[in-house]
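1. below are the sequence and a predicted model; questions follow.
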Amino acid sequence: MSWVSRIADTVEWRSIDVDIAWDVIEARLGTALPDDYKELCRCFGVGEFSEYLHVYGAPGGADSQIVNELASLRRTLEKYPFTRDSFDPYGLYGPGGAGLIPWAMSVTAVEFYWAADAEVPPQDWPVVARTEVDPWRCLPMSASECLFRVLTDVTFEEFTIADLVERPSFTPYAA
């Protein structure tokens, strides 16, 4: 059973099989994205898990919240160059290189990224996460495994909400 299937079972969700133009989205990013993330987006579309974690999803077609969020972060760095240090030692991803690509954000400002590298297959990119007060932490797992653990694993220190939420849920955003 895939991590996405486990998440869907946990939150009692049936896949909505969103039609997403990954070729267009990945061309805009300058890289392919991990298959488990694509499966997550096809299953859930765009929404929030347990009123806590927003995954930068794809509502369908060529729209992508990851593309939009990465572009927004780049604009922020251009306008406020002193903020570049906040992404050290990774930096932001640029086509053909290595760096961070955002995939989720919590309501408590916990940030989840991939440590992307054009020389490494996307399914091998680790998740990199941090809280507002802690440094980056490399989590050698997929985005969907990370999401599942955030929702269900009380031992997933710093990131779990399993001890705070009786029953994990998913709320789709209106189209």
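-> Yep, it's here. Numbers count the residues shown, from 1 in each chain.
2. which helix is the longest one in the protein?
-> Ordering each helix of the chain by length in residues (DSSP state H) puts helix 65-79 first.
3. so which elements touch that helix?
-> Secondary structure elements in contact with helix 65-79, counted by 3 or more CB pairs under 8 Å, 6 or more residues apart in numbering; DSSP states H and E, are helix 22-29, strand 98-106. Just so you know, the C-beta spots here come from the backbone N, C-alpha and C atoms, and that holds for glycine as well.
4. alpha carbons of it, as CSV, please.
-> C-alpha atoms of helix 65-79 as CSV (Å, rounded to 0.1, in the frame of the first residue of the first chain):
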residue,chain,number,x,y,z
GLN,A,65,0.9,26.0,-6.0
ILE,A,66,4.6,24.8,-5.8
VAL,A,67,5.4,26.9,-8.9
ASN,A,68,3.7,29.9,-7.4
GLU,A,69,5.3,29.5,-4.0
LEU,A,70,8.8,29.0,-5.4
ALA,A,71,8.3,32.1,-7.6
SER,A,72,7.1,34.1,-4.5
LEU,A,73,10.1,33.0,-2.5
ARG,A,74,12.4,34.1,-5.3
ARG,A,75,10.7,37.5,-5.5
THR,A,76,11.2,37.9,-1.7
LEU,A,77,14.9,37.1,-2.0
GLU,A,78,15.3,39.6,-4.8
LYS,A,79,13.6,42.3,-2.9
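5. list of residues touching it?
-> When contacts are defined by CB atoms under 8 Å, 6 or more residues apart in numbering, helix 65-79 is touched by residues 25, 28-29, 33, 46, 56-59, 83-84, 87, 92-93, 101-103.
6. are any of these buried, and if so which?
-> Members of these that pass the buried threshold by neighbour count (16 or more other CB atoms under 10 Å) are listed as 25, 28-29, 33, 46, 56-59, 87, 92-93, 101-103.
7. point out where this structure drops to low pLDDT.
-> Counting by pLDDT under 70, the chain has low-confidence residues at 175.
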